[in-house]
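>>> sequence and computational prediction follow.
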Amino acid sequence: MTDMVASIAVFSFFLVTFGVIWNVSTDEVTSRENLKEFKGQYTFEILRSEGSPPNWNKTNITDPGIYQSGKLDRDKFQKLDDLTRSRLRQLLRSQGYRLQAEYLNETPLRSSGDRLLINSTEKIPANRSVRTYRTITLDQRTGKRVELSFYRWSS
């Protein structure tokens, strides 16, 4: 009988220890994932603003907003693309990113013949977890509906 009680006590001890370790490790993973999601949402909200300062240029930009009067501003989008990749990584708070704008019929918006697309790499990596943020907005020039997409991943 004492062997059975001792076995139950040892089994219970290991079960409780495993449960505590499991909870601590899953809490850490959840916290990291929540922080990544918060950073992505925060960056996307900044992009959907006028930026700081509202009439920013490459020398005074602190927040890269690409909207003007609540609509997508192609000129600001293009100015953002003119920044260096290292400065973009810093402003977008990510090593890997893709920012694009397309009309709802999937025709890419263009500025001076160039597609409104900013990439940290040529393609979105297939072997990474990619967070996607999208919104429907209006093109300031044409008034047409546009889908703005921001993809973000860790390197």
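Ah, there it is. Numbering: from 1, shown residues only.
>>> do a quick rundown of the strands in the chain.
All strands of the chain, identified by DSSP state E, fall at 67-68, 71-72, 96-103, 110-111, 114-115, 117-119, 130-138, 145-153.
>>> tell me the average confidence for the fifth one?
Per-residue pLDDT values across strand 114-115 average out to 64.
>>> begin at 39 from now on, thanks
Right, with 39 as the first residue, what we last looked at is strand 152-153.
>>> about what we covered before: export the strands of the chain to a markdown table and tack on mean neighbour count and distance to Asp119?
C-beta: built from backbone N, CA, C; applies to glycine. Shown next, in a markdown table, are the strands of the chain (neighbours: other CB atoms under 10 Å; distance: least, CB to CB, whole Å):
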| stretch | mean neighbour count | distance to Asp119 |
| --- | --- | --- |
| strand 105-106 | 18 | 16 |
| strand 109-110 | 19 | 14 |
| strand 134-141 | 20 | 9 |
| strand 148-149 | 14 | 9 |
| strand 152-153 | 12 | 8 |
| strand 155-157 | 18 | 5 |
| strand 168-176 | 14 | 18 |
| strand 183-191 | 20 | 14 |
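>>> which stretch among these comes nearest Ala44?
Closest of the strands of the chain to Ala44 is strand 168-176, at 50.2 Å (criterion: CB to CB).
>>> including distance to Pro92, could the strands of the chain go into a markdown table?
Compiled in a markdown table, the strands of the chain are given as follows (distance: least, CB to CB, whole Å):
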| stretch | distance to Pro92 |
| --- | --- |
| strand 105-106 | 8 |
| strand 109-110 | 14 |
| strand 134-141 | 19 |
| strand 148-149 | 19 |
| strand 152-153 | 24 |
| strand 155-157 | 20 |
| strand 168-176 | 17 |
| strand 183-191 | 18 |
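>>> which one of these lies closest to Lys117?
strand 148-149 (10.0 Å).
>>> for the closest one, give the mean pLDDT please.
66.
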